[in-house]
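# Fold the following for me, if possible:
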Amino acid sequence: TQNQDGVTVVAAETKGAASFAASWDASLEQEALAMVTLPGIASVATSLGATCVTPAVIERGQSHVAAGGILESATMDDASAVSACMEFADEYRMLVEPACGAALAVVYDEALRQKHLKDIPKGKAIVIEVCGGSGVNIDLLQQW
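Sure, this is the predicted structure:
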């Protein structure tokens, strides 16, 4: 595995769809691969929702950390994800679904940014994977 010193990966999910966070936290606690299945998706961020992640996702996260990288699991309420969608739409004139809004919330929400990005040195690039928008419109975002 390539040296990952200084590379931070933030896995962002809404609290009602946080299957990665549940399995990641359980694996850290048990110091072994521990898969957790959620009873269902309890979030407006359903487009990418999965009640359980594949073990390979947790293993890749563990490999990243073993190679010197940092993995942060960020969870937030639906309102933060939707708010980030609205801010992104205002700034870039593109609509994205709340599942994508979870990743955006880590940048747009001050508390999340301070918690998960504070150790990234000034001047270093932050990359956010932005996807999804076919199942959303401005009226839905305002309803959520």
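# packing partners for the lowest-mean-pLDDT helix or strand in the chain?
Lowest on mean pLDDT, DSSP states H and E among the helices and strands of the chain sits helix 138-143, with a mean of 82. Secondary-structure packing of helix 138-143 (3 or more C-beta pairs under 8 Å, 6 or more residues apart in numbering; DSSP states H and E): helix 78-92. Placement of C-beta: from N, CA and C, glycine included.
# Quick one: distance of the helix it packs on to the chain centre.
Mean C-alpha position of helix 78-92 versus that of the full chain (C-alpha atoms, centre = their mean, to the nearest Å) differs by 14 Å.
# Please apply the same query to stretch 10-21.
Counting by C-alpha atoms, centre = their mean, stretch 10-21 is centred 6 Å from the centre of its parent chain.
# got it, and stretch 127-140?
With C-alpha atoms, centre = their mean, you get 14 Å for stretch 127-140.
# Show the end-to-end separation of it, please.
27 Å (C-alpha to C-alpha, to the nearest Å).
# Equivalent analysis for stretch 45-53, please.
Rule used - C-alpha to C-alpha; the end-to-end distance of stretch 45-53 is 16 Å.
# now it: mean pLDDT?
What stretch 45-53 shows for mean pLDDT is 89.
# outside of that stretch, which residues touch it?
13-14, 16-17, 19-20, 23, 35-41, 43, 78, 81, 97-102, 132, 135 (C-beta atoms under 8 Å, 6 or more residues apart in numbering).
# buried stuff in that stretch?
Ala45, Ser47, Gly49, Val53 (16 or more other C-beta atoms under 10 Å).
# residues in contact with Leu38?
Ala17, Ala18, Ser19, Ala22, Thr51, Cys52.
# In contact with the third one, which residues are there?
The one in question is Ser19. So Ser19 contacts Glu13, Val36, Thr37, Leu38, Gly49, Ala50, Thr51, Cys52, Val53 (C-beta under 8 Å, 6+ apart).
# In PyMOL, how would I select the buried members of the contacts of stretch 45-53?
Of these, the buried ones can be selected in PyMOL as follows, counting by 16+ other C-beta under 10 Å:
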select buried, resi 13+14+16+17+19+20+23+36+38+41+43+78+81+97+98+99+100+101+102+132
